[in-house]
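Visitor: Give me coordinates for this.
(3 chains)
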Amino acid sequence: MSSITRKLLTIITESALERVLVEEIERLGAHGFTITEARGKGRRGPRDATWDKSSNIRIEIVCDELTAQSIANNLQAHYYEHYGMILFMSDVAVLRPEKF
Amino acid sequence: MSSITRKLLTIITESALERVLVEEIERLGAHGFTITEARGKGRRGPRDATWDKSSNIRIEIVCDELTAQSIANNLQAHYYEHYGMILFMSDVAVLRPEKF
Amino acid sequence: MSSITRKLLTIITESALERVLVEEIERLGAHGFTITEARGKGRRGPRDATWDKSSNIRIEIVCDELTAQSIANNLQAHYYEHYGMILFMSDVAVLRPEKF
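Guide: You can find the predicted model right below:
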């Protein structure tokens, strides 16, 4: 397999943010994304309130490190404090890297 | 991005276990979890019987290593032999670690 | 936790391919797989056309490295150019490796 290392960025957040996040993600350079419906529970914001919504989304983005950092920084600055949101990233070996 | 390494623990199992597993997971210290509906096929138990249910769930938990080990050990002791279940974990860089 | 390292192979593609991919995956040695419904957007093929389908699937396979490479090579040879498809893999620590 001819592969290259990219970042897999996963964002789990409230469904209501889908449209605005997709616009941000594309504006910041991601060439694609995958969304799955989810539900769950988590801590929300600094006051440790609980975030427990039945309607969440899970957004996955495969991109280069710079784009991943840019998206993470943007979401942290504009959404992380005000919405139920978690964001994590890891390295993945990607087949046919020219797509990303 | 200000991040820290955490464990991403993924459990894929039968939907019927959702309520009891969520209780276990929270009791064992997880601060949050994400559930997505899934379907699939896998080996079940030591007798190599096939597990092929249309109604599965995929539970993701971001937590510290100790909590991840505790959940894994508990599930292995109480559910792994008797239910269709797979469990795997990896390291992820998490944005704003104080949520976890 | 008694664990061993395996590959987690994730394929995101068009729903229409589900039946044929599941057959390929099992033929190539995977002992199980998990499918979740997804939607998203991505680049398709070398002509950089956009792949933007509401009906995608996300297939996850936990398997040994040889099986993962075999599946990746097969999908690259037969599907990657003609369908919207991304494929990435990473290492995961798997509980009870004899299932895989």
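Visitor: give me the number of residues near A:Val94?
Guide: A:Val94 has 23 neighbours, counted by other CB atoms under 10 Å in any protein chain shown. From N, CA and C alone the C-beta is placed, and that goes for glycine too.
Visitor: That one contacts A:Lys7, correct?
Guide: No - using CB atoms under 8 Å, A:Val94 is not in contact with A:Lys7; the gap is 9.6 Å.
Visitor: Residues that sit against both of these two, list them.
Guide: Here A:Val94 and A:Lys7 have A:Val62 as joint contacts, going by CB atoms under 8 Å, 6 or more residues apart in numbering or on different chains.
Visitor: residues near the residue of chain A found nearest chain B, how many?
Guide: Residue of chain A nearest chain B, by CB to the nearest CB: A:Gly42 (3.1 Å). A:Gly42 has 22 neighbours, counted by other CB under 10 Å.
Visitor: Correct me if wrong, but it is in a strand.
Guide: Yes - the assignment for A:Gly42 is a strand, going by DSSP: H, G, I helix; E, B strand; the rest coil.
Visitor: who does the host helix or strand of A:Leu9 pair up with?
Guide: Under the criterion of DSSP states H and E, A:Leu9 resides in strand A:3-14. Here strand A:3-14 has these sheet partners by DSSP bridges: strand A:56-63 (antiparallel), strand A:85-95 (antiparallel).
Visitor: from the ones you listed, which stretch is densest packed?
Guide: Greatest average neighbour count among the strands paired with strand A:3-14 goes to strand A:56-63 (a mean of 24), per mean count of other CB atoms under 10 Å in any protein chain shown.
Visitor: Show the average pLDDT along it.
Guide: Across strand A:56-63, the average pLDDT comes to 96.
Visitor: repeat for stretch A:33-44
Guide: 88.
Visitor: That one and chain C in contact?
Guide: Yes - using CB under 8 Å from any CB of the partner chain, stretch A:33-44 reaches chain C at A:33-37.
Visitor: can the top helix by length along chain A be found next to chain B?
Guide: In chain A, assigned by DSSP state H, the helix with the most residues is helix A:65-78. Yes - Helix A:65-78 is in contact with chain B by CB under 8 Å from any CB, via A:69, A:72-73, A:75-76.
Visitor: Touching that helix from outside, list them.
Guide: Contacts for helix A:65-78 (CB under 8 Å, 6+ apart): A:7, A:9, A:11, A:21, A:24-25, A:28-30, A:61, A:63, A:85, A:87, A:89, B:1-3, B:95-96.
Visitor: need the strands paired with strand A:3-14 in a markdown table with distance to C:Ile57, can you?
Guide: Below are the strands paired with strand A:3-14 laid out as a markdown table (distance: least, CB to CB, whole Å):
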| stretch | distance to C:Ile57 |
| --- | --- |
| strand A:56-63 | 13 |
| strand A:85-95 | 17 |
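Visitor: closest one to B:Asn56 among the ones you listed?
Guide: Minimum separation from B:Asn56 across these (CB to CB) falls at strand A:56-63, 15.8 Å.
Visitor: Now do the buried residues in the longest helix of chain A.
Guide: Neighbour counts over helix A:65-78 (16 or more other CB atoms under 10 Å in any protein chain shown) mark A:67-72, A:74-76 as buried.
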